[in-house]
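**Student:** next one to model:
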Amino acid sequence: MAKVLIVDDSPVTRMIIGEFLSMSGHEVAGEAENLAEAVAAYAQKKPDLVTLDLSMGQDDGFAVLKALRAQDPKAKVLIVSANSQSEIYDQLLKDGAAGFVTKPFTLADLLAAVLKVLPS
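**Tutor:** From the prediction side, this is the model:
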């Protein structure tokens, strides 16, 4: 199963994502709530997948995505956001996002998106 880094400014959302992933056999390699923490945790933990919120207080998810992809062009980043506007989704894909899950999400929604992003 995959090692996952969860990036979201909400402790509750990080907990829910972590529980869903752990229940499904994935390992939560770490958590981050802003750009600096995300970049540092990615470098240290070397996860197979990152879940990323777009709205995180002062930090913009687009900036975090770009920073992670600059650090590792092969980084697999799954966006988990309440914003589902198609033009934003299109831009995220251009910026290197591997997939998208809309909040609120179910266990099935999250796992289906993870399966699409990660190779079997």
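**Student:** C-alpha from now on. contacts and neighbour counts both.
**Tutor:** Noted.
**Student:** specify the beta-bridge partners of the residue most central in space within the chain.
**Tutor:** With distances taken as Cα atoms, centre = their mean, the residue of the chain nearest its centroid is Thr51 (1.3 Å). In this entry, Thr51 is beta-bridged to Ile6, Leu78, by DSSP bridges.
**Student:** so what's it up against?
**Tutor:** Each residue near Thr51 by Cα atoms under 8 Å, 6 or more residues apart in numbering is listed here: Val4, Leu5, Ile6, Val7, Asp8, Val77, Leu78, Ile79, Val80.
**Student:** can you map out the helices along the chain?
**Tutor:** Applying DSSP state H to the chain gives helices spanning 11-23, 35-45, 61-71, 86-94, 107-117.
**Student:** least confident of the ones you listed, on average?
**Tutor:** Sorting the helices of the chain by mean pLDDT places helix 86-94 lowest, at a mean of 87.
**Student:** which of the residues in that helix are buried?
**Tutor:** Tyr89, Leu92 (16 or more other Cα atoms under 10 Å).
**Student:** quick one: buried residues of stretch 36-54?
**Tutor:** Buried residues in stretch 36-54 (16+ other Cα under 10 Å): 38-39, 41-42, 46-54.
**Student:** mind checking the end-to-end distance for that stretch?
**Tutor:** 15 Å (Cα to Cα, to the nearest Å).
**Student:** now swap in stretch 88-108 and tell me
**Tutor:** First-to-last residue span, stretch 88-108, Cα to Cα: 23 Å.
**Student:** next up, the contacts around the nearest residue to Met56 once chain neighbours are set aside.
**Tutor:** Leaving aside its chain neighbours, Met56 sits nearest to Asp9 (5.1 Å; criterion: Cα to Cα, 6 or more residues apart in numbering). Contacts for Asp9 were tallied using Cα under 8 Å, 6+ apart; they are Ala32, Glu33, Asn34, Asp53, Ser55, Met56, Gly57.
**Student:** which one of the buried residues of stretch 36-54 is nearest Lys103?
**Tutor:** Asp53 (9.6 Å; Cα to Cα).
**Student:** no further questions, thank you.
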